[in-house]
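Peer 1: can you look at this prediction? I've put the sequence above it.
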Amino acid sequence: MSEHVTVRQIQEKKRKKEKIVVLTAYDYPLASLIDRSAVDIILVGDSLANVALGLDSTTQVGMTEMLHHAKAVRRAVKRALLVGDMPFESYQEDPSLAVANARRFVEEAGCDAVKLEWFDRCLEAAGNIVAAGIPVMGHVGLTPQTAGQMGGFKVQGKDAGSARKILENALALEKKGCFSVVLECIPAPLAAMITGRLSIPTIGIGAGKDCDGQVLVTHDLLGLFERFTPKFVKQYVRLNDSIEKGIARFCADVRRGKFPDNAHSYPMNPQELKTLKGKAT
Ligand code: KIV
């Protein structure tokens, strides 16, 4: 694999049956750590809204916030493929804005590709972005930007009719030239079927083990976000606990006068100090 992961290499992984690992990042320090790991793709997700900005819905972030965070992540990422998540306002309200906004992710933030969620005019938007030379990752199943129209954050494609629709949407995105597609919150057998039918990689989140790759929101897997935890999230560490303990120790040390100690303070030449105090002979 070359220094910088490419779209072609991601697609090759499906052919070679090598799993693709994707994580989200929103800032420089975590993006650096993730990029140093073996992650293939880093997504600047609009989950930024929930896990980093304390908002209720991903629809509450726009281009300004997404570009701001994508630029910080870009400064850190040297190896992984960097994908910018198109926020609701950038293409769903007016699909004719999609290409110009996708270009901003590439030209202003330095992203390698963009992701967009399924909506009624998704094929038009995806096709136009691909035609402009920007690689596109699709997203079907549960699509948080339009979850309200789907009856909330629920598993999608549980009956044959809705499952077929999700399969058809994924196939249509492939036909439009998307290089991969996220399958969110759908039954594992449906995800396995879609993965078998597509020649582009599927990236699952709550879609079972047979997808070509897996994505999680980094703050969920690190135990940094506690407002809600979907069934599909596995928490690998509980950083919240360590952070709380560290902050509590800092507060206690400051209040007891134990911090800063000499090891964390700057000394002054005693002669200079005497002069300063006006006692020098
Ligand atoms: O915004 C996001 O983090 C996402 C992933 C969960 C796929 O869209």
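Peer 2: Okay, I see it. Numbers count the residues shown, from 1 in each chain.

Peer 1: going forward, measure contacts between C-alpha atoms and count neighbours the same way
Peer 2: Fine.

Peer 1: setting aside sequence neighbours, what's the nearest residue to the residue of the chain at minimum distance from the ligand?
Peer 2: Of all residues in the chain, the one sitting closest to the ligand is residue 45 (3.3 Å; C-alpha to the nearest ligand atom). Take residue 45 and drop its neighbours on the chain: the residue closest to it by C-alpha to C-alpha, 6 or more residues apart in numbering is residue 85, 5.1 Å away.

Peer 1: would you mind writing the CA trace of stretch 47-60 as CSV?
Peer 2: Output of stretch 47-60 as CSV, limited to C-alpha atoms (Å, rounded to 0.1, in the frame of the first residue of the first chain):
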residue,chain,number,x,y,z
SER,A,47,-22.0,13.4,13.7
LEU,A,48,-19.8,16.3,14.6
ALA,A,49,-23.1,17.9,15.6
ASN,A,50,-24.0,15.4,18.3
VAL,A,51,-20.6,14.2,19.6
ALA,A,52,-18.5,17.3,19.5
LEU,A,53,-20.9,20.3,19.4
GLY,A,54,-23.6,19.1,21.7
LEU,A,55,-26.4,19.7,19.2
ASP,A,56,-29.5,17.4,18.9
SER,A,57,-29.4,16.7,15.1
THR,A,58,-26.9,16.4,12.4
THR,A,59,-29.1,18.8,10.4
GLN,A,60,-27.9,21.6,12.7
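
Peer 1: hey, where'd the strands end up in the stretch 151-281 of the chain?
Peer 2: Using DSSP state E, counting those that start in this stretch, the strands of the stretch 151-281 of the chain run over residues 180-184, 202-205, 213-216.

Peer 1: so can I have JSON lines of those strands showing mean pLDDT?
Peer 2: Putting those into JSON lines (pLDDT from 0 to 100) gives the following:
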{"stretch": "strand 180-184", "mean pLDDT": "98"}
{"stretch": "strand 202-205", "mean pLDDT": "98"}
{"stretch": "strand 213-216", "mean pLDDT": "98"}
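
Peer 1: phi first, then psi, for the residue nearest to residue 45.
Peer 2: phi -90, psi 120 (degrees, to the nearest 10).

Peer 1: so what pairs up with it in the strands?
Peer 2: residue 115 (DSSP bridges).

Peer 1: that one: how many residues sit nearby?
Peer 2: Other residues near residue 85 come to 28 when the count uses other C-alpha atoms under 10 Å.

Peer 1: now for it: which residues touch it?
Peer 2: 43-46, 66, 114-116 (C-alpha atoms under 8 Å, 6 or more residues apart in numbering).
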